[in-house]
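# Test case, fold it:
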Amino acid sequence: MGVARDGFRSTDDWKDTTMIEEARAYDAVLGLDVGKRSHWACLASRDGEVLMSGPVWNSEADLDGLFSQVGADVLVVVDQVRNIGALAISRARAAGLPVAYLPGLAAHGASKLFAGDAKTDERDATVIAKTALGIPDALLPVPRDDERLEAARSLAAQRNHMVTCSTRDKNRLRSILLESCPAFESLADLADPHWIAMMERLGGPWGILDAGKASLGAVTRGADRKKIDSAWDAASNSTRPSDLRVNAENPQVMMLARRIREASEEADRLDAAIAELLAGDGTYGCLMTVPGIGPRTASELVISIRIEDFPDHDHLASYCGVAPRNRQSGTSISSVCASRQGNKRLKNLLIFSCNSLVRSDNRFGEYYRRCCDRGMCHGEALKAVARKR
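Numbering: from 1, shown residues only. You can find the predicted model right below:
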């Protein structure tokens, strides 16, 4: 194990340096291919010699023993920063060791440069360690946890789970309605809480007809009467299936409608809790002043990235996947197209949040129309607006 030529700077200094400089300051790297029950550790010196390679259990005692053996001047590199990699990172820091992150896509691409095509934990750990030594610009920093942001991130993960469950239940509910009464399903607005309340209390179209118009009116008070009446007429003019089908369908519809309502209410509660946690964050407050960015988009950006990790807006746009991809080779190939790389979740969030901007009369709406005038389709122009913003 070599001695660092320069001290590893704290996370507060990431804005003044780069991961490349820090990786080059160490003569040995400990690559960890993290797993649920155990990790594979590979210690490689600066000249590429493997000094140690073997499994280590994912427990505090075993990880502490590993980090005490490698010495104090070794850079630890993991391929996952959350979930199964969280304990390894926390114990490495407790041992006073610096930690960096090699993204999975980078590790997968780098593995093709090594001999063989086997997929083993031992080989993956070797790839991580030697890639960190040879291509340090592939590494990303692992910032120290901010308890407030970590709490917001946990709430955001639960919110995303609730939205996913709600979407799945809506798809299942539509499938049931489509088999039973397509005319009713085509009118159903599952984003309207009045429709959800109607189906939660009365069931599907045949349960609604059995309940009668008086019950329907009481349950849907405040809803758009024209739409509700159209749904009643659609069910009334359709052929009713057998009682066995109706008795099997209604409990399913009521259960799914209840779960959709509960998921929506929980998502709203989580949104409010996240906004409260981030209310004092400077980046969150700044993002809320950007046109087309609301609380949900702002919170996703704040908990997903550290703005100080990026030297300029070009690098940030590239990470978010909204920067164009240039392809050039001599005089035969020269094109600019949409990139398929980057953080896909942030990419979709940033692009779709521009839908409200392109219909406006502000600078972004004008830019969108200029892009369309140049021959861009709607999707291309929307990505261009996201990049401009």
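
# Contact partners for the residue nearest the centre of the chain?
With distances taken as Cα atoms, centre = their mean, the chain has residue 345 as the residue nearest its mean C-alpha position (4.4 Å). By Cβ atoms under 8 Å, 6 or more residues apart in numbering, the residues touching residue 345 are 300, 304. Quick note: C-beta positions are derived from backbone N, CA and C, even for glycine.

# What helix or strand is it located in?
For residue 345, the element it lies in under DSSP states H and E is helix 344-352.

# Give the buried residues for that helix.
For helix 344-352, the buried set under the neighbour-count rule, 16 or more other Cβ atoms under 10 Å, comprises 346-347, 349-351.

# Pass me the low-pLDDT residue ranges in the stretch 151-300 of the chain, would you?
Scanning the stretch 151-300 of the chain for pLDDT under 70 picks out no residues.

# Helices along that one, start to end?
Taking DSSP state H, counting those that start in this stretch, the helices of the stretch 151-300 of the chain run over residues 182-187, 193-202, 205-211, 213-219, 225-236, 243-277, 282-287, 295-304.

# Could you work out which of those helices reaches nearest to residue 109?
Between residue 109 and the helices of the stretch 151-300 of the chain, the shortest separation by Cβ to Cβ is 22.3 Å, and it involves helix 295-304.

# what angle sits between that closest one and helix 243-277?
Computed with axes from the mean of the first three to the mean of the last three Cα atoms, to 10 degrees, the direction of helix 295-304 lies at 60 degrees from that of helix 243-277.

# and the angle from helix 295-304 to helix 344-352?
In terms of direction (the same axes, to 10 degrees), helix 295-304 departs from helix 344-352 by 150 degrees.

# which outside residues touch helix 295-304?
So helix 295-304 is contacted by 149, 152-153, 156, 271, 274-275, 278, 281, 283-284, 287-288, 293, 343, 345-346, 349-350, 353 (Cβ under 8 Å, 6+ apart).

# Let's verify residue 314: helix, strand, or coil?
The three-state label given to residue 314 by DSSP: H, G, I helix; E, B strand; the rest coil is helix.

# ok, back up a step: distance of the residue nearest to the centre of the chain from residue 64?
Distance, residue 345 to residue 64, by Cβ to Cβ, to the nearest Å: 34 Å.

# okay, now residue 168: neighbour count?
Residue crowding around residue 168 was assessed by other Cβ atoms under 10 Å; the count is 14.

# How about the contacts made by it?
With contacts taken as Cβ under 8 Å, 6+ apart, residue 168 has no neighbouring residues.

# Please tell me how far it sits from residue 297.
Noted for residue 168: a distance of 23 Å to residue 297, by Cβ to Cβ.

# residues in contact with the nearest residue to residue 384 once chain neighbours are set aside?
Of all residues not flanking residue 384 in the chain, residue 371 sits nearest, at 4.9 Å (Cβ to Cβ, 6 or more residues apart in numbering). Each residue near residue 371 by Cβ under 8 Å, 6+ apart is listed here: 380-381, 384-385.

# May I have stretch 76-83 as PDB, with CA atoms only?
Listed in PDB are the C-alpha atoms of stretch 76-83, where the atom choice follows Å, rounded to 0.1, in the frame of the first residue of the first chain:
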ATOM      1  CA  VAL A  76     -12.200   2.500  -1.500                       C
ATOM      2  CA  VAL A  77     -14.300   2.200  -4.700                       C
ATOM      3  CA  VAL A  78     -17.800   0.700  -4.700                       C
ATOM      4  CA  ASP A  79     -20.200   0.000  -7.600                       C
ATOM      5  CA  GLN A  80     -23.400   0.900  -5.600                       C
ATOM      6  CA  VAL A  81     -23.800   3.800  -3.200                       C
ATOM      7  CA  ARG A  82     -27.200   2.800  -1.800                       C
ATOM      8  CA  ASN A  83     -29.000  -0.300  -0.500                       C
END
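
# If we go by neighbour counts, what in that stretch is buried?
Taking 16+ other Cβ under 10 Å as the criterion, stretch 76-83 shows 76-81 as buried.

# Pull the number of nearby residues for residue 289.
By other Cβ under 10 Å, the burial measure for residue 289, its neighbour count, is 8.

# that older thread, tell me, what's the model's pLDDT at the residue nearest to residue 384?
The model reports residue 371 with a pLDDT of 92.

# and the residue nearest to residue 173 when sequence neighbours are not counted, how far is that from residue 184?
Excluding its sequence neighbours, the residue lying closest to residue 173 (Cβ to Cβ, 6+ apart) is residue 256, at 4.4 Å. From residue 256 over to residue 184 the distance is 15 Å, taken as Cβ to Cβ.

# quick one on the thing from earlier: need the buried residues of helix 344-352 in TSV with distance to residue 307 and pLDDT, can you?
As requested, the buried residues of helix 344-352 are exported to TSV (distance: Cβ to Cβ, whole Å; pLDDT from 0 to 100):
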residue	distance to residue 307	pLDDT
346	13	85
347	17	87
349	16	86
350	14	87
351	19	88
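
# Reformat those into a markdown table and put distance to residue 249 next to each item.
Written out in a markdown table, the entries for the buried residues of helix 344-352 read as follows (distance: Cβ to Cβ, whole Å):
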| residue | distance to residue 249 |
| --- | --- |
| 346 | 40 |
| 347 | 40 |
| 349 | 36 |
| 350 | 41 |
| 351 | 38 |
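
# which one of the helices of the stretch 151-300 of the chain lies closest to residue 136?
Of the helices of the stretch 151-300 of the chain, nearest to residue 136 by Cβ to Cβ is helix 295-304, at 23.5 Å.

# what separates that closest one from the chain centre, distance-wise?
Mean-position distance between helix 295-304 and its chain equals 11 Å (Cα atoms, centre = their mean, to the nearest Å).
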